[in-house]
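1. quick one: sequence plus predicted model below, questions after.
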Amino acid sequence: MSGVSDRPFREIADECQAGLVVTEMVASRELAEARADMVRRAEKPPAGSLFAIQLAGREAPWMAEGARIAQDLGADLIDINMGCPARQVTGGYSGSALMRDLDHAMTLIEATVAAARVPVTLKMRLGWDEATMNAPELARRAEAAGIRMITVHGRTRCQFYKGRADWTAIAAVKRSLKAIPLIANGDVESIADVRNILAASLADGVMVGRGSYGRPWWPGVLAHLLDPGTGAPEPCLEREAELVDRQHRSMMSLYGHEHGNRIARKHLGWVVDRKSAEGRLSVEAAAAWRRKLTAETDNDRVRRALRDLFLRLQDDEARAA
């Protein structure tokens, strides 16, 4: 979720009662060296529930220092990233590349746990490739080292996001654990997916990643559908319009208008894609709205176009009713 789950995104997810929201991946060494983008990623929002910072790195001393800084910045929980498959991360022997050497991975886990006064959790994949499906072993060793929760994406690193996540394979990780909770992740879009991944993986909970693109309120909606009262009902179009507009305004405030406009384009594109997938926009109309929203550099015009899009959708909904 690097480049996606920034503070504006997380604030909406948290307001809409996602159980836990986690920062974008924060590189531990770069955080310790006060690189501006990493410091921004690790800034605590002015309001919200639990504040979880996800750390990545390949050297134990920097992970320990990153954990100490994260605590000083107000983190209630530190999550270690050993799941990211991106080449720029694994090429530096971070993220899921650490699953190629569990002994080294454990030095990072042990250093982070030792430095932390708050709970430390771990995110991983099933393994590096199909020949090294070592997630159960890493989970077992991590629990013994003091990790308090584990999340598993049901693919290997070499799969990236191809094919379908193997929810059943996650169950082997659950069986390797003694007491801590397991969270299952991968290809969760609908309430049916939530129920199916819980049944197949034996997990205690579900993490939603790409399924929240264009709708940061969606994890809270799924929580409500699974267990009414724990999340938030699905917003009507008017409420969606308000949330998307607020997210856009927050991005402009956080990044500045020029940089914020570039970052916002993918989020606005996902909004349009969602409406097309829901059958509210034809393929042709979706393409036209996507061009209108993502090619515009004047952010006031972008906001007016967003308003027009949702007014059009509300009119169509009223006529259909």
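-> Noted; the coordinates are in hand.
2. hang on, residue 108 is in a helix, isn't it?
-> Yes - the assignment for residue 108 (DSSP: H, G, I helix; E, B strand; the rest coil) places it in a helix.
3. going along the chain, name the strands of the protein.
-> 22-27, 52-56, 77-82, 120-125, 150-153, 182-185, 205-207 (DSSP state E).
4. which secondary structure elements does the last one sit against?
-> In this structure, strand 205-207 packs against strand 182-185, helix 191-201, with contacts taken as 3 or more C-beta pairs under 8 Å, 6 or more residues apart in numbering; DSSP states H and E. The way it works is simple: take the backbone N, C-alpha and C, and place the C-beta from them, glycine included.
5. winner for burial among those?
-> strand 182-185 (a mean of 24; mean count of other C-beta atoms under 10 Å).
6. name the surrounding residues that touch that strand.
-> Outside of strand 182-185, the residues that reach it under the criterion C-beta atoms under 8 Å, 6 or more residues apart in numbering are 123, 139, 149-154, 165, 167, 170, 173-174, 197-198, 201-209.
7. neighbours around residue 93, how many?
-> By other C-beta atoms under 10 Å, 14 other residues sit near residue 93.
8. should've said residue 238
-> Neighbours of residue 238 (other C-beta under 10 Å): 12.
9. over to residue 54?
-> 25.
10. residue 67 now?
-> 27.
11. surely it is in contact with residue 120?
-> Yes - if you go by C-beta atoms under 8 Å, residue 67 and residue 120 touch, sitting 7.4 Å apart.
12. for these two, list the residues in contact with both.
-> Taking C-beta under 8 Å, 6+ apart as the criterion, residue 67 and residue 120 both touch 78, 112.
13. can you list the domains in the protein?
-> Domain assignment for the chain by automatic domain parsing gives 7-226, 237-320.
14. point out the most buried one among the ones you listed.
-> Using mean count of other C-beta under 10 Å, the stretch among the domains of the chain with the largest mean neighbour count is domain 7-226, at a mean of 20.
15. quick one: end-to-end distance for that one.
-> This stretch, domain 7-226, spans 26 Å end to end (C-alpha to C-alpha, to the nearest Å).
16. could we number from 586 for the rest of this?
-> Sure, I'll start counting at 586 from here, so that last one is domain 592-811.
17. give me every residue that touches the closest residue to residue 632 other than its chain neighbours.
-> Leaving aside its chain neighbours, residue 632 sits nearest to residue 596 (7.8 Å; criterion: C-beta to C-beta, 6 or more residues apart in numbering). With contact set as C-beta under 8 Å, 6+ apart, residue 596 has these partners: 630, 632, 633, 835.
18. try it again with 7 Å
-> Contacts for residue 596 (C-beta atoms under 7 Å, 6 or more residues apart in numbering) come out as 630, 633, 835.
19. so which of these sits lowest on pLDDT?
-> Within the contacts of residue 596, pLDDT reaches its minimum at residue 633, with 75.
20. got the contact list for that residue?
-> 596, 599.
21. over to residue 751?
-> Per C-beta under 7 Å, 6+ apart, neighbours of residue 751: 711, 739, 740.
22. isn't residue 756 up against residue 784?
-> No - when contacts are counted by C-beta atoms under 7 Å, residue 756 is not listed as touching residue 784 (9.7 Å).
23. just to revisit the earlier point, compare the strands of the chain and give me the one nearest residue 904.
-> strand 790-792 (36.2 Å; C-beta to C-beta).
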